[in-house]
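Enquirer: after the sequence you'll find the predicted model.
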Amino acid sequence: MEDQNIYWSEMEKRIVGLKSNPLYSAEITGTVATLDFFTRAEGYFNDKVSWQQKLEKSSKAYTKAGEAKKEEAAQTFSITASVMKSYGEKIGDADLIGLKLLTFSKLHKESVTAQIADNNYILGLIDANKVALADYKIDAAFTAKLVTLNKDLDLQTKLPLDVVKQHANDKVQYEDMENTSKKFYDKEMDPYMKIYKITDMGLFLAYLAARKVRHHHLKRKAVVPDPETITGILELMLLFKASMDPAAGASYVVTALGISDTTDEDGEGYNDELKPGTYHGKISMDGYKDIEFDFTIEAGKTTALQFLLEVANVAPSGTPGS
């Protein structure tokens, strides 16, 4: 998947997650139109997951087979190069001595094209020194096995044409499905959810934060979630209540986690690799009321919180959501 697909998947996952969030589930399930939107959004997300799994599996078996052959070839040819280097030291042959550079690590890490080229170079030197190398157990039979191994490496690291075509076709359908879901959000769900800016600011902010994830994460390299992750992520979105503009430069502190940071130009904060647990934080900005909040970090998950900043002569109002 490309980065933009990962961003969009994360966004859809968060939107769907709002439906089961105890802060918003009653409103979502109790309003016919809202439930319809979230049900359709969930359908798009489930289709997305199914297509992603199909795309991943369509070439996985061939990729594993090719990688195994690449490793086998790297080991066999690097050992062969080492033996040939030994003979080169005996006769003072610079080309044979230079084979010491063709280690397992080099052959295994380089591209398949480069590996095959290096293997052919080794085979060429074997042919030039075949009489003497036969005494070093690199005889005709051994060389024939090397030739076969190199051919197998070329074949097994190339996906069969029908698999390539099917994968390409699946990807086109996946992108069509994703474009359909994007139109759904842009043309239907986004305009509808603005009603909650008036009737339920908490839900509106949570939805807005989830929708912004694709932009928010452009500031960082996209990462596919790892279920074995033992740390969590904290994301903040701060807006000025009067204007709903991003509250850039607001300070937030979580003493127990050693966090002392400020929001960026989009009013967002991001802190990762956080130890799971329940913590207390504080948000402050000159001219605005402080906001104190509690939150929980879970392993492998993102805790997203949204707050509104009010001027100092008005009672503080924070609207968290996760």
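Expert: Perfect, thanks for sending it. Predicted model only: the values in this text are computed from it and were never measured.

Enquirer: for K301, what are phi and psi?
Expert: The phi and psi values for K301, taken as degrees, to the nearest 10, are phi -130, psi 160.

Enquirer: my bad, should have said T296
Expert: Here T296 shows phi and psi, under degrees, to the nearest 10, equal to phi -120, psi 130.

Enquirer: could you look up the SS state of Y252?
Expert: strand (DSSP: H, G, I helix; E, B strand; the rest coil).

Enquirer: hang on, F307 in a strand?
Expert: Yes - the assignment for F307, made by three-state DSSP, places it in a strand.

Enquirer: distance of it relative to D36?
Expert: Distance of F307 to D36, computed by CB to CB, to the nearest Å: 29 Å. Backbone N, C-alpha and C define where each C-beta goes, glycine included.

Enquirer: who's more crowded, those two?
Expert: F307 (24 against 13; other CB atoms under 10 Å).

Enquirer: that one and A247: what is the separation?
Expert: Distance from F307 to A247, counting by CB to CB: 8 Å.

Enquirer: show me the shaky parts of the stretch 1-150 of the chain.
Expert: Along the stretch 1-150 of the chain, the parts satisfying pLDDT under 70 run over 1-5, 53-65.

Enquirer: how about D272, phi and psi?
Expert: Dihedral pair for D272: phi -120, psi -180, per degrees, to the nearest 10.

Enquirer: setting aside sequence neighbours, what's the nearest residue to it?
Expert: Using CB to CB, 6 or more residues apart in numbering and skipping residues adjacent in sequence, the residue nearest D272 is I233, 4.7 Å away.

Enquirer: you'd agree the one you found is in a helix?
Expert: No - using three-state DSSP, the assignment for I233 is strand, not a helix.

Enquirer: residues touching it, list them.
Expert: Y270, N271, D272, L274, I297, K301, T302, T303 (CB atoms under 8 Å, 6 or more residues apart in numbering).

Enquirer: just the buried residues from those residues, in ChimeraX please.
Expert: A single ChimeraX command is used to select the members of these judged buried by 16 or more other CB atoms under 10 Å:
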select :270,271,274,297,301,302,303
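
Enquirer: ok, the contacts of I233 vs E175, which is closest?
Expert: Using CB to CB, T302 comes nearest to E175 of the contacts of I233, at 25.4 Å.

Enquirer: for stretch 35-52, which positions count as buried?
Expert: Buried, per 16+ other CB under 10 Å, within stretch 35-52: F37, F38, A41, Y44, F45, D47, K48, W51, Q52.

Enquirer: could you export these as JSON lines, including distance to I122 and secondary structure?
Expert: What follows is those, written out as JSON lines (distance: CB to CB, whole Å; DSSP: H, G, I helix; E, B strand; the rest coil):
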{"residue": "F37", "distance to I122": "63", "secondary structure": "helix"}
{"residue": "F38", "distance to I122": "61", "secondary structure": "helix"}
{"residue": "A41", "distance to I122": "56", "secondary structure": "helix"}
{"residue": "Y44", "distance to I122": "52", "secondary structure": "helix"}
{"residue": "F45", "distance to I122": "51", "secondary structure": "helix"}
{"residue": "D47", "distance to I122": "49", "secondary structure": "helix"}
{"residue": "K48", "distance to I122": "46", "secondary structure": "helix"}
{"residue": "W51", "distance to I122": "43", "secondary structure": "helix"}
{"residue": "Q52", "distance to I122": "41", "secondary structure": "helix"}
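
Enquirer: which of those lies closest to A206?
Expert: Using CB to CB, the buried residues of stretch 35-52 come closest to A206 at F38, 12.1 Å.

Enquirer: next, count neighbours for the residue nearest to that closest one when sequence neighbours are not counted.
Expert: Nearest non-adjacent residue to F38, counting by CB to CB, 6+ apart: K19, 4.8 Å away. By other CB under 10 Å, the residues close to K19 number 17.
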